[in-house]
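K.L.:
Just to be clear, the model below is a prediction. Sequence and coordinates:
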Amino acid sequence: VIGTFTALAKDPVDIVTGDRDLYQLVDDERGIRVLYPLKGVGTLQLTDEALLREKYGVVGQGYADLALLRGDPSDGLPGVPGIGEKTAAKLLAQFGDLAGIMAAVDDPTAGLTPSQRKRLDGARPYVAVAPKVVRVASDVPLPDVDTALPKAPRDAAALETLAARWGLGGSLQRLLTTLQR
């Protein structure tokens, strides 16, 4: 859903998530960033293409290929045995993307080491299906949703009751004033 809303967005998008898989959506040209919590939501890392390049050696879509190659136990991705993050980043820099890397496996003149060629060749069944799992969907059929913020509460009386019960006075008033703008 996040991937689809991001694909449809006409304005810049900030995605607040602790899921690094969404780094693949980062796109400086479109103004798409990920705000990744480092210590709770109090400290957010602004993730843009420069940070991805510096930290992982890839940008946006390249992050999906990096995750696929190196693996991600939290997502159940085994990765290509013997290909860690640094090697994956190096291969992506050298061959551009996963398709370029796999084409290099079949090209004896490509700059793969014999062990890389063997590992990647042996991982073909995994590499053939993993992209469907790794890549964030951008075409999920969604109902029309009005993403505009409301100008006023739907039920002012119920909101007043909640505000009194939980002591939200000043905070709630600031929010309501902001929404009215």
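P.N.:
Now that the structure is in, tell me what you want to look at.
K.L.:
from here on, contacts and neighbour counts on C-alpha atoms
P.N.:
Noted.
K.L.:
most residues in a single strand of this protein, which one?
P.N.:
strand 32-39 (DSSP state E).
K.L.:
list the buried ones in it?
P.N.:
32-37 (16 or more other CA atoms under 10 Å).
K.L.:
Out of those, the closest to residue 175 would be?
P.N.:
residue 35 (22.0 Å; CA to CA).
K.L.:
mind listing what that closest one touches?
P.N.:
By CA atoms under 8 Å, 6 or more residues apart in numbering, the residues touching residue 35 are 14-17, 44-47.
K.L.:
List phi and psi for the most centrally placed residue in the chain.
P.N.:
Taking CA atoms, centre = their mean, the centroid of the chain lies closest to residue 22, which sits 1.0 Å from it. When read as degrees, to the nearest 10, the backbone of residue 22 gives phi -80, psi 0.
K.L.:
could you pull out the strands for this protein?
P.N.:
Ranges of strands in the chain, per DSSP E, are 13-16, 32-39, 43-47.
K.L.:
how about those in TSV, adding distance to residue 165 and mean pLDDT?
P.N.:
TSV is the format used below for these (distance: least, CA to CA, whole Å; pLDDT from 0 to 100):
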stretch	distance to residue 165	mean pLDDT
strand 13-16	29	96
strand 32-39	30	94
strand 43-47	30	94
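K.L.:
Relative to residue 180, how far out is the closest residue to residue 181 other than its chain neighbours?
P.N.:
Leaving aside its sequence neighbours, residue 181 sits nearest to residue 151 (CA to CA, 6 or more residues apart in numbering; 7.7 Å). Residue 151 is 5 Å from residue 180, where distance means CA to CA, to the nearest Å.
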